[in-house]
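Trainee: predicted structure and sequence below. I'll ask about it afterward.
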Amino acid sequence: MPPNVRADQRAPDDDAFAAALVGAGVGNSPAFVTALSGGPDSTALALLAQRFAARHNRRHLALIVDHGLRDGSADEARRVQARLSDFGVTSRIQSIVAPPPTASIQEWARRHRQDLLADTARAEGAVVLFGHHADDQAETVAMRLRNQSGLAGIGGMPLRRWHHDVLFARPLLGWRRSDLIAVCAVHGCAYETDPSNRNQRFERVRIRQMLAKIDQGGASGRPDVSPAGLVRLASAAGRLVGHLDRATTGLCDSAFTWHPAGYADFDPKPLSGLPQIVWWHVMRRVIMAIGGAAYGPSAAGGRECRARLDNGRAATLGGCHFHPVTHGYRLCRETGRHPEQRQITAGAPMVFAGCWLVTSRCDGIIQPAGIAPADADKSTLPSGWCKLPHRARQAIPVVRTLDGRLVYPHLEDVVYQGSKWPVHARHLGMAKSPVFLTDRQIG
């Protein structure tokens, strides 16, 4: 502890943070992984999480993701690691090796960062903690209002949610940015300043500057568009979405029959009398579960989809295909025009296509079964292959080994080179009632 910091100065923050973890539903978690960028928000979170873990005999690791998007980012990551180690925070630096795109760079970085955090937390048996706070929430809601988002979007960032079978939590949504800067000051801990936070090329930066003027009384505006008003709006919308989730659980159970191979049979009758907003809330969650998309399709797409289904016609939406069958529809994931193919490393679980968790004993290429190369060895198809609908067969993952063998980890107990080969694939969306939007109540 720095010599100029007294323990009693930090006690109120420690107590408030412990209460925030309980409010986020993760207070009893045995381990935490903090997403550490080095800015004031994540630095304060890492300090608070480390002290909580030390007092309650929990494990804590901070993960620093180097996106490689700026010159000197690797040096910055090492600087953040060294700084936080002085406060007892154990951290790990993970670099993104995939080349960045020419557009939507922030979304690319966010997706890869979340995947790395989920992989680390899965290995550690931990909850991932993010340093998003009330000001971030206000900015998110303002952007979604501007983009005419529906109720779920206006609810902003959830207090907690599942991502690839790992729990993500935001315990600081009730704190202001100034509160977290004060935490760093009390601990005597410096932090990094990201120059992109001042780049008006990004919508969030422009929104942040506008809200700061309103918050300081330097711009005209009604109270309901102030940062505090936007946070209250998010909380109210989130409560409504949470109630809607719970109220529609029984409808999901009666309308959908889930299959472990990643598809579902849909009986439209239990949902036929629902208002469009409720019908779409249920269907959007199901489409996300089967298709593996990070975001649901638009409400306009939902209206068009329902019109087609009401007329007994096939439909495609959100990476899913609705195929008419005897008692309704069958929903299967579509592989698209450019099916995903990725290298898989022996022993390391991999999330494939946003919805399959796959592990393999040896290195190989993971891909949808429908695009197996012509020269691959298909002589020994597993017995479960013929029992699957054609569209479902096309989308299940297969591992292509270095010697050309195709392994179907979801369908077979694999014997490879004379020994049992522990290969496994599990569809992450096959919960009985997949819920992507959880209760957003703060405190």
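Mentor: Cool, got the structure. Keep in mind that this is a model prediction, so the values were computed, not measured.
Trainee: pLDDT score for the closest residue to T248 other than its chain neighbours?
Mentor: Nearest non-adjacent residue to T248, counting by CB to CB, 6 or more residues apart in numbering: V282, 5.0 Å away. The C-beta positions use only the backbone N, C-alpha and C, and glycine is treated the same way. With respect to pLDDT, V282 scores 91.
Trainee: who's in contact with the residue nearest the centre of the chain?
Mentor: Nearest to the geometric centre of the chain sits H163, at 3.8 Å (CA atoms, centre = their mean). Contact partners of H163, counting by CB atoms under 8 Å, 6 or more residues apart in numbering, are 114, 118, 128.
Trainee: for it, give me phi and psi.
Mentor: Here is the backbone geometry of H163 (degrees, to the nearest 10): phi -130, psi 110.
Trainee: need the nearest residue in space to G150, chain neighbours excluded.
Mentor: The shortest distance from G150 to any non-neighbouring residue, by CB to CB, 6+ apart, is to A299 (5.3 Å).
Trainee: determine the number of other residues adjacent to that neighbour.
Mentor: 18 (other CB atoms under 10 Å).
Trainee: correct me if wrong: it contacts W280.
Mentor: Yes: the pair A299 / W280 is scored as a contact, 6.1 Å apart, by CB atoms under 8 Å.
Trainee: break down the stretch 201-350 of the chain into its strands, ranges please.
Mentor: Listed in chain order, the strands of the stretch 201-350 of the chain (DSSP state E, counting those that start in this stretch) span 256-259, 263-266, 315-317, 320-325, 328-333, 342-344, 350-352.
Trainee: if we can go back for a sec, beta partners for the residue nearest to the centre of the chain?
Mentor: For H163, the beta-bridge partners under DSSP bridges are V166.
Trainee: tell me the confidence at it?
Mentor: pLDDT, read off for H163, is 86.
Trainee: how far away is it from R330?
Mentor: Distance from H163 to R330, counting by CB to CB, to the nearest Å: 27 Å.
Trainee: what's the answer for T120, then?
Mentor: 36 Å.
Trainee: ramachandran angles for G364?
Mentor: For G364, the backbone dihedrals (degrees, to the nearest 10) come out as phi -180, psi -170.
Trainee: please apply the same query to the one 3 residues further on.
Mentor: Main-chain dihedrals, Q367, degrees, to the nearest 10: phi -160, psi 160.
Trainee: and for A169?
Mentor: The phi/psi pair for A169 (degrees, to the nearest 10) is phi -130, psi 150.
Trainee: likewise D13?
Mentor: Dihedral angles (degrees, to the nearest 10) for D13: phi -70, psi -40.
Trainee: show me the domain layout of this protein.
Mentor: 7-236, 342-427 (automatic domain parsing).
Trainee: how about the ones you listed in JSON lines, adding distance to H259?
Mentor: Below are the domains of the chain laid out as JSON lines (distance: least, CB to CB, whole Å):
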{"stretch": "domain 7-236", "distance to H259": "18"}
{"stretch": "domain 342-427", "distance to H259": "7"}
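Trainee: rank those domains by pLDDT, which is bottom?
Mentor: The lowest average pLDDT among the domains of the chain, as it happens, falls on domain 342-427, at a mean of 77.
Trainee: how long is that one from one end to the other?
Mentor: End-to-end distance of domain 342-427 (CA to CA, to the nearest Å): 17 Å.
Trainee: from the middle of its chain, how far away would that domain be?
Mentor: 24 Å (CA atoms, centre = their mean, to the nearest Å).
Trainee: ok, now stretch 309-316?
Mentor: Worked out by CA atoms, centre = their mean, stretch 309-316 lies 30 Å from the chain centre.
Trainee: show me where the stretch 201-350 of the chain has its helices.
Mentor: Remark: helices assigned in the stretch 201-350 of the chain by DSSP state H, counting those that start in this stretch are 203-215, 227-247, 249-255, 276-291, 299-310.
Trainee: tell me, how many neighbours does M283 end up with?
Mentor: 27.
Trainee: list the buried residues in stretch 333-340.
Mentor: Residues of stretch 333-340 classed as buried: 333-335 (neighbour count, 16 or more other CB atoms under 10 Å).
Trainee: what's that stretch in contact with?
Mentor: Counting by CB under 8 Å, 6+ apart, 262-263, 290-292, 316, 319-321, 352-353, 355, 367-368, 370-371, 391, 394-395 sit against stretch 333-340.
Trainee: show me which of those residues are buried.
Mentor: Buried, going by 16+ other CB under 10 Å: 262-263, 290-292, 319-321, 352-353, 355, 367-368, 391, 394-395, out of those.
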